[in-house]
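Visitor: no FASTA, just this:
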DNA sequence: ACATGCATTTCGCAT
DNA sequence: ATGCGAAGTGCATGT
């Protein structure tokens, strides 16, 4: 639009070295209310430089792939990550209203004089097209991030605790295999009880419903089909729903309450 | 930091009316490399004004709730939505590295002279603490968005097609109930086949594994437990895995290939 | 509030 | 590439 916008963009768009790590490639460019051409160029440069590009503006979104969707005009926040991830966020919800998983090709262009973003991937063939009616801001952010998330309280942690202390399941329980492959998937823990009876343990880190009970049943059945005569099944979770209890009882399966 | 930064922030931080809809409350404020106090104030104002607040900077993240996590220092993009959603995005992946679902309380403060964000909720008690070592940019974006996503190709669409044309399942199939409640959950479609035999249909919009076969089995079993003598089960999906086929065969269940 | 299942689930891991 | 299940799953819907 007017050259004023470009001037503002040039003022607010800056390069500077990282404050705490002098060798960092971190750099930030901020454009306020850019003209379409300015926005297109900034986005294209950002995509090329492996930066995270965020566009704030009013847009429409078309999606076609595993499903199909159309989103009418509204203010959104659009994020393109250098790994090929696309996010379209509205002003509510944790889940993006439209998105593309990592591995996509992103491109910026001008369509009828307005900024347009395209994200495509194959396998499956999927395409997201975003047409902007207005661009309020663009941030091109060259990020450095080497840290991994340290997460605890997972099902894996629960399993480790049981392997360290099998009596948490019941006295005399001896774990023998983890991730034991059956016809119907992998059972979390398989071992023997105090009487030497083969016992399948299914772990859940939170309260469970009928699905988990059915899953345990599948493994017990698979072991029986595979030739083991007597097989017990124990579901381990903090708690279970009434529906889960029904399935367990009908199938003669057990439940042990255990927090992750 | 230096007053230069504050000046830059003031230049790039602007308010303006929406370009295309004059009555819109849309407004955007962009700060580049703000001093901690400036950032804190902008974030606090944004949270108060029901805007989407996005902070680009180097930070650490602590989470405690259903699980526990720590994320060491790195460049991230942090989004606070007016519905209480929090997103912490790295430069890769579709899923935020840390987050908080809608309904949280967000607050901005200064900790040791640096910007800090806190997000808390109850039921379950969960808390995310973000400590910034550097703030590269802040965008406060007052969004207007009334459009709903129009999505097609869902399981619901597949069900409607079958109800309109039951012979897609097999000749003589007559749907009688949808979302039919059983002990073990709700069955998608229940009807009778050409011989009047009660038939449960489980729908999936994409290729399925053993889980879906087990789910169908649960419903068939529940109907039999509930008194129906002979019950058939049919899994409807574009395709199934070998593991799913095994379960279906062992349980005498059928499969019909159908695309959504 | 709880139960239940879908989701353009995403993601990681094993085959 | 496909199969399989976990996830701090999120989310809508029904009770």
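Guide: Yes, it's here. The structure displayed is predicted, hence computed values, not measured ones. Numbers count the residues shown, from 1 in each chain, chains lettered A, B, ... in the order given.
Visitor: enumerate the residues of the stretch 101-250 of chain A near DNA strand D.
Guide: The stretch 101-250 of chain A comes close to DNA strand D at residues A:123, A:151, A:153-156, A:184-186, A:188, A:202-206, A:215, A:218, as judged by CB under 7 Å from any atom of the strand. No exception for glycine: its C-beta is placed from N, CA and C like everyone else's.
Visitor: just those: which are in helices?
Guide: Counting by DSSP state H, the members of those that fall within helices are A:155, A:156, A:215, A:218.
Visitor: closest one of these to residue A:237?
Guide: Nearest to residue A:237 among these: residue A:155, at 9.8 Å, using CB to CB.
Visitor: which ones are touching the closest one?
Guide: With contact taken as CB atoms under 8 Å, 6 or more residues apart in numbering or on different chains, residue A:155 is in contact with A:188, A:203, A:204, A:205, A:260.
Visitor: mind redoing it with 6 Å?
Guide: Contacts of residue A:155 were listed using CB atoms under 6 Å, 6 or more residues apart in numbering or on different chains, and they are A:203, A:205.
Visitor: over to the one 3 residues further on?
Guide: The contact partners of residue A:158, by CB under 6 Å, 6+ apart, come to A:203, A:205, A:260.
Visitor: what comes up buried for stretch A:211-231?
Guide: Buried residues in stretch A:211-231, counting neighbours by 16 or more other CB atoms under 10 Å in any protein chain shown, are found at A:211-223, A:231.
Visitor: do the same with stretch A:57-70
Guide: The neighbour-count check on stretch A:57-70 (16+ other CB under 10 Å) flags A:57, A:58, A:59, A:60, A:61, A:63, A:69 as buried.
Visitor: and residue A:51, how many neighbours?
Guide: As a burial measure, residue A:51 scores 25 neighbours (other CB atoms under 10 Å in any protein chain shown).
Visitor: my read is that it contacts residue A:138, right?
Guide: No. Counting by CB atoms under 6 Å, residue A:51 does not reach residue A:138; the two are 10.9 Å apart.
Visitor: show me where the stretch 51-200 of chain A has its helices.
Guide: Assigned helices in the stretch 51-200 of chain A, in chain order: A:155-164 (criterion: DSSP state H, counting those that start in this stretch).
Visitor: so what's the residue of it at minimum distance from DNA strand D closest to, chain neighbours aside?
Guide: Per CB to the nearest atom of the strand, the residue of the stretch 51-200 of chain A with the smallest distance to DNA strand D is residue A:185, at 1.8 Å. Using CB to CB, 6 or more residues apart in numbering or on different chains and skipping residues adjacent in sequence, the residue nearest residue A:185 is residue B:210, 5.2 Å away.
Visitor: what do you get for residue A:259?
Guide: Distances taken as CB to CB, 6+ apart put residue A:238 closest to residue A:259, at 5.1 Å, once the chain neighbours are dropped.
Visitor: the one you found and residue A:204, how far apart?
Guide: Distance, residue A:238 to residue A:204, by CB to CB, to the nearest Å: 8 Å.
Visitor: the closest residue to DNA strand C within chain A and residue A:232: what is the separation?
Guide: Across chain A, the shortest distance to DNA strand C (CB to the nearest atom of the strand) belongs to residue A:243, at 2.4 Å. In this view, residue A:243 and residue A:232 are 21 Å apart by CB to CB.
Visitor: now do residue A:68
Guide: Residue A:68 sits 47 Å away from residue A:232, going by CB to CB.
Visitor: cool, residue A:241 as well?
Guide: Counting by CB to CB, the separation of residue A:241 from residue A:232 is 22 Å.
Visitor: more neighbours: which of the two?
Guide: More neighbours surround residue A:232 than the other of residue A:241 and residue A:232, with 20 against 14 (other CB under 10 Å).
Visitor: so that one sits in a helix?
Guide: No. Counting by DSSP: H, G, I helix; E, B strand; the rest coil, one finds residue A:232 to be strand, located in no helix.
Visitor: hang on, it packs against residue A:200?
Guide: No. Under the criterion of CB under 6 Å, residue A:232 is not in contact with residue A:200, lying 7.1 Å apart.
Visitor: for residue A:246, which residues are in contact?
Guide: By CB under 6 Å, 6+ apart, residue A:246 lies in contact with residue B:183.
Visitor: picking that back up, show me the two of the ones in helices among the residues of the stretch 101-250 of chain A next to DNA strand D that sit farthest apart.
Guide: A:156 and A:218 (21.0 Å).
Visitor: find the nearest non-adjacent residue to residue A:37, please.
Guide: Nearest to residue A:37 is residue A:110, by CB to CB, 6+ apart, at 6.8 Å.
Visitor: report the beta-bridge partners for the one you found.
Guide: residue A:115 (DSSP bridges).
Visitor: neighbours of it, how many?
Guide: Quick note: residue A:110 (other CB under 10 Å) scores 14 neighbours.
Visitor: model confidence for it, exactly?
Guide: You'll see residue A:110 listed with a pLDDT of 98.
Visitor: that one contacts residue A:39, correct?
Guide: No. Applying CB under 6 Å as the test, residue A:110 and residue A:39 come out as separate, 9.1 Å apart.
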